[in-house]
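Q: generate coordinates for the sequence data below:
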Amino acid sequence: MRVFSPVIHANLLPEMINQDRNEQFTGLILLSGVDKPGITETLFQTLSPFAVSILDIEQVVIRGRVILTCLISCAPAHAEAIEADLEECATALGVDIASVFEDSAATDIAVKKSLLHVVVLARELKPSAINAVASVIAYNGGNIERIHRTAIYPVTAIEFTVSGVEQGKLRSELARVGNENSIDIAISPGGLMRWAKKLIVMDVDSTLIQQEVIELLGAKAGKGPEIAAITESAMRGELDFAESLRARVSLLVGLSESVLTEVQSEITLTPGARTLIRTLHKLGHHVALVSGGFEPVISPIMKELGIAHMRANNLEIVSGKLTGNLVGPIIDRAGKAEALRDFAALHSIELAQTIAIGDGANDLDMIALAGMGIAFNAKPAVKAAADSSVSAPYLDSVLYLLGISREEVEESDSL
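A: Next comes the predicted model:
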């Protein structure tokens with residue numbers, strides 16, 4: 001029995017080589033079965049004695065089962081012999097191998113240009129959601145070239161590589177699909193620039209951290225409910241941010257400066273924040289914070305996380321007491337966008353390679369300006385305006401939108 005090498009066919013090679021070299025068959029080989037060491041080696045050892053060229057190959061292992069596909073070109077006279085040896089290879093390995101050969105003068109593979117990456121995030125991913133995503137892609141003339149998982153926890157992340165469709169055509173329809181199926185969807189262009197150095201600018205309150213600092217200060221002043229009501233109205237876009245900030249700060253008059261230190265101890269980072277920033281730094285990206293909050297409270301967080309840039313507001317303090325006023329320019333919607341532009345210029349990064357992450361109405365301008373705007377557990381108006389959104393309370397989910405897998409993050413942490 002010929003298991004590893006089809007030597008019985010070797011005597012046929014001189015005759016086959018003399019055939020018209022322009023006449024070619026293409027063969028598609030599909031192997032599937034329980035994975036074990038040596039499967040790939042044995043398959044290609046079986047093909048090696050033949051005048052075969054490898055045109056394309058893909059292999060994946062899921063829960064201990066391997067699926068390997070291979071596209072080859074060969075002389076027509078080889079096809080029958082290859083099929084026979086593949087049958088014996090399958091028996092020896094205990095796997096299934098199917099092969100299809102057809103006449104084809106053109107054995108080259110068309111280069112796929114303008115690929116898009118569609119990333120789907122969900123805590124629990126349903127078949128109906130994948131169906132809806134695939135339907136929108138197909139309806140708009142796109143073709144799914146590849147699907148692979150990039151994370152299984154704390155959320156499931158699935159990435160589709162899509163050809164034949166423009167990003168703008170998919171965005172609005174996939175946003176609808178996301179809302180209808182309770183999933184998050186991000187679309188980004190492929191190509192080399194996907195891996196270029198980036199600037200990631202993040203809001204602080206309710207994004208990098210879980211609290212709203214102004215509300216913590218308000219509680220210390222006994223004005224918590226009043227400040228919370230103003231904050232909610234501002235975040236929904238019902239009030240001008242600068243006006244609402246002044247109104248809230250005015251309620252803090254008389255508070256001791258020491259309260260700022262007290263509030264720092266009450267702040268907790270959003271789950272995944274450290275992982276996100278640590279991974280971005282390891283990849284050589286730049287991270288900056290922009291906030292409608294206050295520099296004295298944010299600065300220790302910035303230093304702890306190794307973040308180089310920040311822009312935020314400053315409270316007026318006289319004789320150790322808060323006066324209820326602000327000093328310096330107010331960091332509002334326009335101020336956040338200006339900060340993003342300034343930080344990008346500082347590092348010579350094109351705006352197309354910037355990412356803005358925020359949750360409120362005062363983040364809208366920087367989200368619109370950035371190459372990718374991400375709404376993080378955001379208000380509906382912000383979610384509608386952003387390129388993509390993350391609804392799970394894990395900030396490191398942003399990494400999956402950038403094409404970074406959970407396995408790569410964990411490997412990076414072990415180095």
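
Q: roughly how far is stretch 167-181 from the heart of the chain?
A: The chain centroid and the centroid of stretch 167-181 are separated by 16 Å under CA atoms, centre = their mean, to the nearest Å.

Q: report the buried residues of that stretch.
A: 169-170, 173-175, 177-178, 181 (16 or more other CB atoms under 10 Å). C-beta: built from backbone N, CA, C; applies to glycine.

Q: can you check stretch 224-239 too?
A: For stretch 224-239, the neighbour count (16+ other CB under 10 Å) marks 227-228, 230-232, 234-235, 237, 239 as buried.

Q: from those residues, which single one is nearest V201?
A: M235 (18.2 Å; CB to CB).

Q: tell me which stretches of the stretch 101-250 of the chain form strands.
A: 116-122, 143-151, 156-163, 184-189, 199-202 (DSSP state E, counting those that start in this stretch).

Q: partner strands of the second one, with direction?
A: Just to be clear, that refers to strand 143-151. Here strand 143-151 is paired, per DSSP bridges, with strand 156-163 (antiparallel).

Q: output the strand it pairs with as PDB, nothing but the C-alphas.
A: Provided in PDB are the C-alpha atoms of strand 156-163 (Å, rounded to 0.1, in the frame of the first residue of the first chain):
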ATOM      1  CA  THR A 156     -16.800  36.900  21.200                       C
ATOM      2  CA  ALA A 157     -15.100  38.700  18.300                       C
ATOM      3  CA  ILE A 158     -15.500  37.500  14.700                       C
ATOM      4  CA  GLU A 159     -13.700  39.200  11.800                       C
ATOM      5  CA  PHE A 160     -14.900  39.000   8.200                       C
ATOM      6  CA  THR A 161     -12.600  39.900   5.400                       C
ATOM      7  CA  VAL A 162     -14.800  41.200   2.600                       C
ATOM      8  CA  SER A 163     -14.100  42.100  -1.100                       C
END
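
Q: any chance you could list what contacts that strand?
A: Strand 156-163 is contacted by residues 112-125, 130, 133, 137, 142-151, 170, 190, 397, 400, 403, 405-406 when judged by CB atoms under 8 Å, 6 or more residues apart in numbering.

Q: would you state the helices of the stretch 301-415 of the chain in chain order?
A: With helices called from DSSP state H, counting those that start in this stretch, the stretch 301-415 of the chain shows them at 333-346, 364-369, 380-385, 398-401, 406-414.

Q: hmm, A134 and L170 touching each other?
A: No: assessed by CB atoms under 8 Å, L170 is found out of contact with A134, at 11.7 Å.

Q: what's the helix or strand for V290?
A: Using DSSP states H and E, V290 falls within strand 286-294.

Q: quick one, grab the pLDDT at A106.
A: A106 carries a pLDDT score of 49 in this model.

Q: noted, bye for now.
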